[in-house]
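Visitor: okay, here's the prediction I keep looking at, along with the sequence it came from:
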Amino acid sequence: MTANVHPSATLGAGTTFGEHCVIGPNVSLGQGCRVGHGVVIHEGTRVGDHVRIDDHATLGKLPMKAANSATTKDQELAALEVGELCIVGTGVVLYRGATIEGKVLMADLSTVRENVRIGRGTIVGRGVTVENFCTVGRFCKLESESYLCAYSTLEDRVFIAPGVVTSNDNFVGRTQERFKHFKGVTVRRGGRIGAGSVTLPGITVGEDALVAAGSVVTRDVPARKIVVGSPARVWRDVPAEQLLEQQGWVDS
Amino acid sequence: MTANVHPSATLGAGTTFGEHCVIGPNVSLGQGCRVGHGVVIHEGTRVGDHVRIDDHATLGKLPMKAANSATTKDQELAALEVGELCIVGTGVVLYRGATIEGKVLMADLSTVRENVRIGRGTIVGRGVTVENFCTVGRFCKLESESYLCAYSTLEDRVFIAPGVVTSNDNFVGRTQERFKHFKGVTVRRGGRIGAGSVTLPGITVGEDALVAAGSVVTRDVPARKIVVGSPARVWRDVPAEQLLEQQGWVDS
Amino acid sequence: MTANVHPSATLGAGTTFGEHCVIGPNVSLGQGCRVGHGVVIHEGTRVGDHVRIDDHATLGKLPMKAANSATTKDQELAALEVGELCIVGTGVVLYRGATIEGKVLMADLSTVRENVRIGRGTIVGRGVTVENFCTVGRFCKLESESYLCAYSTLEDRVFIAPGVVTSNDNFVGRTQERFKHFKGVTVRRGGRIGAGSVTLPGITVGEDALVAAGSVVTRDVPARKIVVGSPARVWRDVPAEQLLEQQGWVDS
């Protein structure tokens, strides 16, 4: 066993490691975790029971700042927490300052940045980026290759389809004024955004509303309505059988 | 040499490894393979002759299931097979249950999931995802960052441009009914989809047809026609000099 | 310390390595570099002073060619150069034949291919691909998951928003004729392209012009104009307060 475990790390019963891992100071892993090959877990990270971590994942990464920055906020970030029964895919990168609740699946090559909370039972798809200062609710699905920009909020049971792109800067990188207005997407409980859609900065998608695939969303979407097109317009009501309350889903 | 090779693995003549590799039980590699650094090859994977595998690639990964799942299908998946003369890029993830025929190039950070077959001579571009239950023909090109959703079929000589997004669920994650209808894109022989286009669930792109860049495809595309726009409409015939039969290509 | 450093490599004072690194022949690293875990630096790569390189990054990778290719241009590529004060994120892949000037940030899982130059102070976002034969100016931002196709040119202070897709082949993979015409996007000084937009082959975005989010750009964009839609049309002038000359930025 070639894992390099710092003496201050604490490991629960039955937790196993593959080869060439690095487990840093004051890391704790719960019971029954299965850690793959080449996994790196940085200082202070706390992992719950029965978590699967696949090859080449990196947990607890410190944010990158311009090398010539005069200040650093590294010390202010709390340690990364990963809840029980999570699955962390191959090549995933999780930052210090993120909190991942239990039973979350983070698929291969996804990234969760600092100052983010991911709610219980949510699926973060392959290659997904959750930028800093986001809140993601419980039992959401962020499908493969979707992109959640900084300062976004997803409530519970939100569905983001593959390849969705969100944005947060109406000033597109110019003016000092923009720093006051950064705002990503807000999706209310049960809201859904279809494949390959683009949302402009500050958009709110209402409760149980649906953005059809391939749309460009330039204004807020009313609750329980479907919008479609570029720019997206209201098309019709979400069919009753698709409403969240009709699914019989129980949170657990 | 720090490669960790299981004693039950079989290695062909002239096959070389970089540092920090892990080669699992019953893996077989053919002759003349060049394996980079930090490569992980899981149990039972079979690799043909003269395959190049770059740093940090992972071969034969087991699918991830919710940790609290009552059932698992892991045992049902056949071992990953990678044919002769393939190239596997840096950080690539190939799943158990996939079959990659010979002379396939899988560029950096691409992923091929379980229950997929990739035909001979196909190029899977940088960052591309091929989800489960897909069939990809021979001599296709899936360009960088394109996304092939589950239950898709590409016949031979199909071209998928960069950033294309496909989808397979008209119910967008709701109703039990949807499980009967999941259907991705079907692209007939020589069909092409332009950069950044989005296809709705169940779309068929006809033989040698072309979807222009930036389109949203909401209905089937007739053979040898070009469609364009959002939603995409028929624009004109594919120019004769672009038809597959005019290229003089020989399959080999 | 388990780093595997070739005896011909030269390391500046104060440069440190994590575990399981591989530093190839004739690599040089400057002073005060911090290299993470599992980093691979291939033969001849030159890294300046005070560069941060995060876990699982690969520097100096040789391009991949079809395994049965009769020719190779590997020998013609100059060694990768990474300038002082750069930051190289987790899982980044940088090719031999690229030149990265100083103070560039390459975020996690980004790729820069051969025959590319990236100008000083530019930010290459998370998951970004810069394909071969591109030139990127100084102080540009290529935001997360944007895609810069081969044969593209970005002048200084260009802004590419998340999820932008560019393209370079009007013949979409057919005809011999196409090889004479490959041409990506050209963005003049201060030009900006909004989130999720798609540019057709050969497009020029004029000086300080702006493509609104979600657009499909089918013709050149005049300087200091905003275009929007699919296909994109001129909408109005860029607001004066957003012009580059109004930002008070000093190159350094």
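Guide: Looks like it arrived, so ask away.
Visitor: C-alpha from now on. contacts and neighbour counts both.
Guide: Noted.
Visitor: can you pull the contacts of the closest residue to residue A:229 other than its chain neighbours?
Guide: With CA to CA, 6 or more residues apart in numbering or on different chains as the criterion, residue A:229 has its nearest non-adjacent residue at 4.6 Å, and that residue is residue A:215. The contact partners of residue A:215, by CA atoms under 8 Å, 6 or more residues apart in numbering or on different chains, come to A:194, A:196, A:197, A:198, A:227, A:228, A:229, A:230, A:231, A:232.
Visitor: for whichever residue of the stretch 101-250 of chain A sits closest to chain B, which non-adjacent residue is closest in space?
Guide: With CA to the nearest CA as the measure, residue A:242 is the residue of the stretch 101-250 of chain A nearest to chain B, at 5.4 Å. Once flanking residues are discounted, residue A:242 sits nearest to residue B:174: 5.4 Å by CA to CA, 6+ apart.
Visitor: check for me that the one you found belongs to a helix.
Guide: No: looking at residue B:174 with DSSP: H, G, I helix; E, B strand; the rest coil, it is coil, so not inside a helix.
Visitor: OK, contacts around it?
Guide: By CA under 8 Å, 6+ apart, residue B:174 lies in contact with A:242, A:243, A:244, A:247.
Visitor: can you lay out those residues as CSV showing secondary structure, neighbour count and pLDDT?
Guide: Shown next, in CSV, are those (DSSP: H, G, I helix; E, B strand; the rest coil; neighbours: other CA atoms under 10 Å in any protein chain shown; pLDDT from 0 to 100):
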residue, secondary structure, neighbour count, pLDDT
A:242, helix, 17, 95
A:243, coil, 17, 95
A:244, helix, 19, 94
A:247, coil, 12, 93
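Visitor: ok, the residues you listed vs residue A:182, which is closest?
Guide: In terms of CA to CA, no member of these lies closer to residue A:182 than residue A:244, at 30.0 Å.
Visitor: quick check: that closest one touching residue A:209?
Guide: No: when contacts are counted by CA atoms under 8 Å, residue A:244 is not listed as touching residue A:209 (10.0 Å).
Visitor: just the helices from the stretch 151-252 of chain A, written as ranges.
Guide: Under the criterion DSSP state H, counting those that start in this stretch, the stretch 151-252 of chain A contains no helices.
Visitor: is any part of the strand or helix carrying residue A:135 close to chain C?
Guide: According to DSSP states H and E, residue A:135 maps onto strand A:134-136. No: with CA under 8 Å from any CA of the partner chain as the criterion, chain C is not reached by strand A:134-136; the gap is at least 15.3 Å.
Visitor: list the helices and strands that strand packs on?
Guide: strand A:116-118, strand A:153-154 (3 or more CA pairs under 8 Å, 6 or more residues apart in numbering or on different chains; DSSP states H and E).
Visitor: turn those into a markdown table, including mean neighbour count, distance to chain C and mean pLDDT.
Guide: Listed next are the helices and strands packed on strand A:134-136 as a markdown table, based on neighbours: other CA atoms under 10 Å in any protein chain shown; distance: least, CA to the nearest CA, whole Å; pLDDT from 0 to 100:
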| stretch | mean neighbour count | distance to chain C | mean pLDDT |
| --- | --- | --- | --- |
| strand A:116-118 | 24 | 16 | 98 |
| strand A:153-154 | 24 | 18 | 98 |
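Visitor: how many residues are close by residue A:250?
Guide: As a burial measure, residue A:250 scores 5 neighbours (other CA atoms under 10 Å in any protein chain shown).
Visitor: again with residue A:37
Guide: Residue A:37, neighbours per other CA under 10 Å, totals 26.
Visitor: and chain A, which residues reach chain C?
Guide: Residues of chain A lying near chain C (CA under 8 Å from any CA): A:20, A:22, A:38, A:40, A:56, A:58, A:64, A:66-68, A:91, A:93, A:147, A:165-167, A:171-175, A:198, A:200, A:216, A:230-231.
Visitor: where's whichever residue of the stretch 1-150 of chain A sits closest to chain B relative to residue B:146, distance?
Guide: Closest approach between the stretch 1-150 of chain A and chain B, counting by CA to the nearest CA: residue A:85, at 5.5 Å. Here the criterion is CA to CA, to the nearest Å. By it, residue A:85 lies 31 Å from residue B:146.
Visitor: with neighbour numbers in mind, choose between these two.
Guide: For residue A:85 and residue B:146, the more surrounded residue by other CA under 10 Å is residue B:146, and the numbers stand at 27 against 23.
Visitor: ends of stretch A:180-199, what's the gap?
Guide: 19 Å.
Visitor: does that stretch come close to chain B?
Guide: Yes: looking at stretch A:180-199 against chain B by CA under 8 Å from any CA, the contacts come from A:192, A:194, A:195, A:196.
Visitor: let's test this: mean pLDDT of that stretch, rounded?
Guide: Mean per-residue pLDDT for stretch A:180-199: 96.
Visitor: again with stretch A:14-34
Guide: 97.
Visitor: list the buried ones in that stretch?
Guide: A:15-34 (16 or more other CA atoms under 10 Å in any protein chain shown).
Visitor: the stretch 51-200 of chain A against chain B: which residues are in contact?
Guide: A:51-52, A:55-56, A:85-87, A:89-91, A:103, A:105, A:107, A:145, A:159, A:161-163, A:192, A:194-196.
Visitor: related to what we said a few turns ago, what does the strand holding residue A:135 rub up against?
Guide: A:115-119, A:148-156.
Visitor: same check on stretch A:8-15?
Guide: A:23-35, A:49.
Visitor: from the residues you listed, which two are the most distant?
Guide: Taking CA to CA, no two of those sit farther apart than A:25 and A:32, at 20.0 Å.
Visitor: residue B:170 is in contact with the residue of the stretch 101-250 of chain A closest to chain B, correct?
Guide: No: the pair residue A:242 and residue B:170 does not pass the contact test of CA under 8 Å, sitting 10.7 Å apart.
Visitor: I'd like the residues of stretch A:180-199 next to chain B as TSV, with neighbour count appended.
Guide: Formatted as TSV, these follow (neighbours: other CA atoms under 10 Å in any protein chain shown):
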residue	neighbour count
A:192	27
A:194	24
A:195	31
A:196	31
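Visitor: save those as TSV, and put in distance to residue B:98 too.
Guide: Formatted as TSV, the residues of stretch A:180-199 next to chain B follow (distance: CA to CA, whole Å):
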residue	distance to residue B:98
A:192	31
A:194	28
A:195	25
A:196	26
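Visitor: name the nearest of those residues relative to residue B:79.
Guide: For the residues of stretch A:180-199 next to chain B, the nearest to residue B:79 is residue A:195 (31.8 Å; CA to CA).
Visitor: pretty sure that closest one contacts residue B:167?
Guide: Yes: between residue A:195 and residue B:167 there is a contact under CA under 8 Å: 6.4 Å.
Visitor: which residues are in contact with each of those two?
Guide: Contacts common to residue A:195 and residue B:167, judged by CA under 8 Å, 6+ apart, are A:162, B:198, B:200.
Visitor: returning to that earlier point: paired strands for the strand holding residue A:135, with orientation please.
Guide: Paired neighbours of strand A:134-136 in the sheet (DSSP bridges): strand A:116-118 (parallel), strand A:153-154 (parallel).
Visitor: contact partners of the last one?
Guide: When contacts are taken as CA under 8 Å, 6+ apart, the neighbours of strand A:153-154 outside the stretch itself are A:134, A:135, A:136, A:137, A:140, A:184, A:185, A:186, A:187, A:188, A:189.
Visitor: what sits up against stretch A:52-60?
Guide: Under CA under 8 Å, 6+ apart, the answer for stretch A:52-60 is A:33-45, A:79-80, A:85-97, B:40, B:56, B:58, B:67, C:55-56.
Visitor: and it, end to end?
Guide: Start-to-end, stretch A:52-60 (CA to CA) is 16 Å.
Visitor: next one: phi and psi at residue A:130?
Guide: Here is the backbone geometry of residue A:130 (degrees, to the nearest 10): phi -110, psi 110.
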